[in-house]
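Chemist: Quick one: sequence and predicted model below, then my questions.
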Amino acid sequence: MNLATFVIGFLASIGRSVLALLTATGRVALFTLETLSHAVRPPYYPGEFGKQMLTIGYFSLPVVGMTALFTGAALALQIKAGGGQVASEQLVPSVVAIGIVRELGPVLAGLMVAGRISSAIAAEIGTMRVTEQIDALTTLSTDPLKYLVLPRVLASLVALPLLVAVANVIGIMGGYLIAVGTFGFNPGAYIKNTLDYIDTVSVVSSLVKAGTFGFILGLMGCYHGYNSGRGALGVGQATTNAVVSSSILILAANYALTQAFF
Amino acid sequence: MPDPSQTPKLQLVDVHKSFGPKRVLAGVNLDVMPGESLVIIGGSGTGKSVTLKCMLGILKPEKGQVLIDGAPLAEVDSEAFLNDFGMLFQGGALFDSLTVWQNVAFRLRRKPFSLSKKEARERAIAKLARVGLGAETADLFPAELSGGMQKRVGLARAIATDPHVIFFDEPTAGLDPIMAGVINDLIRELVTEMGATAVTITHDMTTVRTVADDVAMLHDGLVRWHGPVADMDTATDPYLDQFIHGRATGPIAAIR
């Protein structure tokens, strides 16, 4: 193979990847717009929305709560290890509060819920695709995007901020338990320091991030499930793609939102 | 029996459909008269399901037209058409997360029917009884039913709104011969009793003989033979002859 052939082949492979990326972006954009257009067109399915709120929000609480608790506790240990007793009494509550509320709370909750929910949504809708349940919905005069996709995406969008609000409190409590129980910090001073360092921007950014991550993980689960290939392999692939794309997009969106807020 | 002077209920005119380089339908012409039960037969991959999905509007032909009561499908109010339509899917396609009665009553709870929960449940139980299932099955989930029972629930869902057009996709696939016979008889009874126009796709010759008024055989993207079921056994078409007798040798290539 001569050099020219190699270079052309290399450039062609880059071109193919870029085209594939643009095609996928276009498909996701169309899917998103079509889904969102149903939000302003009745009929609505509040029962489906409620069911999804329960699954995505309420049943994710233990996973998100445990993640936040251990992260807050580990963060307190790390900060204490890096500073002396006196400096740590100031540092631990402030860094735990800022770290949890601004970054770790929304990001870890987003990633944990992506693993739990995005995959479950993709598997459920993918199985419905493979077993013709989605075609059946169409023949029963029910739009699958309106009945299946919109309630899941909206429920993720609404449930994540609620989950993250709880996760933030639990994460801070994890730090508090270690600081007060293990290091013997003053409980009143710890709480005061924590409250002093949590400002409105931190809370708003945390909730905006959570809503964005919720939208991403719900949408990715639905998109990959809805476009699932045939058979068990197709559904498995859709599930993997849902988790991977949700996680990467959550991390990318986190960077963009952090840049925008701070 | 259908009146041939009427406008066909469903009509395919020169319908072409391909998937990438694979040509599936290459100019299909079919008329289904009101009240007629047409059975479409043909080997695997000959485009039976694609024909059905084109009739439904789930797939759009590249060329040709689908007409409903003489009007192009694109101009028909799809909501109104689907509200007067029922379909039994090959695997049942029951919604796993809903109970049996909720599956059957799925459309009844929505516009334009909008029945109350109590009315919808009563109607669902009546339809379940019509297909031979007791009220005790109403609160079970599809996963708790056998394959034959799932088919019956699918049938009950298809007839829940007393539609004028019903499609049956491989209604006996995966069933034992006795259950297949029961389903075939049920389909024939329901179609006759409701006066509905029915289109069935199947490989099962017992289904053809039980359910069909007319038979159309698809091969290589075209309608190879179309006629009354009574003429099927005396027809001279070698493709039809090989298919209905299940011979390995003949003009239809068998992959071994």
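Modeler: Nice, I can see it.
Chemist: Could you count how many residues lie near B:Gly147?
Modeler: With neighbours defined by other C-beta atoms under 10 Å in any protein chain shown, the count for B:Gly147 comes to 14. Where you see a C-beta, it was placed from the backbone N, CA and C, and this is true even at glycine.
Chemist: Now do the contacts for it.
Modeler: If a contact means C-beta atoms under 8 Å, 6 or more residues apart in numbering or on different chains, then B:Gly147 has B:92, B:174-175, B:179 as its contacts.
Chemist: Now with 6 Å, please.
Modeler: B:Gly174 (C-beta atoms under 6 Å, 6 or more residues apart in numbering or on different chains).
Chemist: Just list the residues touching the residue in the stretch 51-200 of chain B positioned nearest to chain A, thanks.
Modeler: Of all residues in the stretch 51-200 of chain B, B:Ala93 sits closest to chain A, at 3.9 Å by C-beta to the nearest C-beta. By C-beta under 6 Å, 6+ apart, the contact list for B:Ala93 reads A:132-133, A:136.
Chemist: what stretches of the chain score poorly on pLDDT?
Modeler: In the absence of a named chain, this looks at chain A. Applying pLDDT under 70 to chain A picks out residues A:1, A:83-86.
Chemist: Correction: the question concerned chain B.
Modeler: Low-confidence segments of chain B (pLDDT under 70): B:1-5, B:254-256.
Chemist: so where do the strands sit in it?
Modeler: With DSSP state E as the criterion, chain B has strands at B:10-19, B:22-32, B:37-41, B:63-68, B:71-72, B:85-88, B:165-169, B:197-201, B:214-219, B:222-228.
Chemist: Dump these to CSV, plus mean neighbour count and distance to A:Arg16.
Modeler: Written out in CSV, the entries for these read as follows (neighbours: other C-beta atoms under 10 Å in any protein chain shown; distance: least, C-beta to C-beta, whole Å):
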stretch, mean neighbour count, distance to A:Arg16
strand B:10-19, 18, 22
strand B:22-32, 18, 23
strand B:37-41, 25, 40
strand B:63-68, 18, 31
strand B:71-72, 14, 39
strand B:85-88, 25, 40
strand B:165-169, 24, 38
strand B:197-201, 25, 39
strand B:214-219, 24, 37
strand B:222-228, 17, 37
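Chemist: Using TSV, please lay out those strands together with distance to chain A.
Modeler: Written out in TSV, the entries for the strands of chain B read as follows (distance: least, C-beta to the nearest C-beta, whole Å):
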stretch	distance to chain A
strand B:10-19	13
strand B:22-32	15
strand B:37-41	17
strand B:63-68	14
strand B:71-72	19
strand B:85-88	5
strand B:165-169	8
strand B:197-201	13
strand B:214-219	20
strand B:222-228	24
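Chemist: Throw those strands into CSV and include distance to A:Leu249, thanks.
Modeler: As requested, those are exported to CSV (distance: least, C-beta to C-beta, whole Å):
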stretch, distance to A:Leu249
strand B:10-19, 31
strand B:22-32, 34
strand B:37-41, 45
strand B:63-68, 40
strand B:71-72, 42
strand B:85-88, 37
strand B:165-169, 38
strand B:197-201, 42
strand B:214-219, 45
strand B:222-228, 47
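Chemist: Now do the same contact list for B:Gly70.
Modeler: Applying C-beta under 6 Å, 6+ apart, the residues contacting B:Gly70 are B:Thr7.
Chemist: what kind of secondary structure is the spatially most central residue of chain A in?
Modeler: Using C-alpha atoms, centre = their mean, the residue of chain A that lies closest to the mean C-alpha position is A:Gly110, 2.8 Å off. Under the three-state scheme (DSSP: H, G, I helix; E, B strand; the rest coil), the conformation of A:Gly110 reads as helix.
Chemist: Now do the same contact list for it.
Modeler: Counting by C-beta under 6 Å, 6+ apart, A:Gly110 touches A:213, A:250.
Chemist: try 8 Å this time
Modeler: Contacts for A:Gly110 were tallied using C-beta under 8 Å, 6+ apart; they are A:160, A:164, A:209-210, A:213-214, A:216-217, A:250, A:254.
Chemist: Then A:Ile198?
Modeler: Remark: with contacts taken as C-beta under 8 Å, 6+ apart, A:Ile198 is in contact with A:97-98, A:101.
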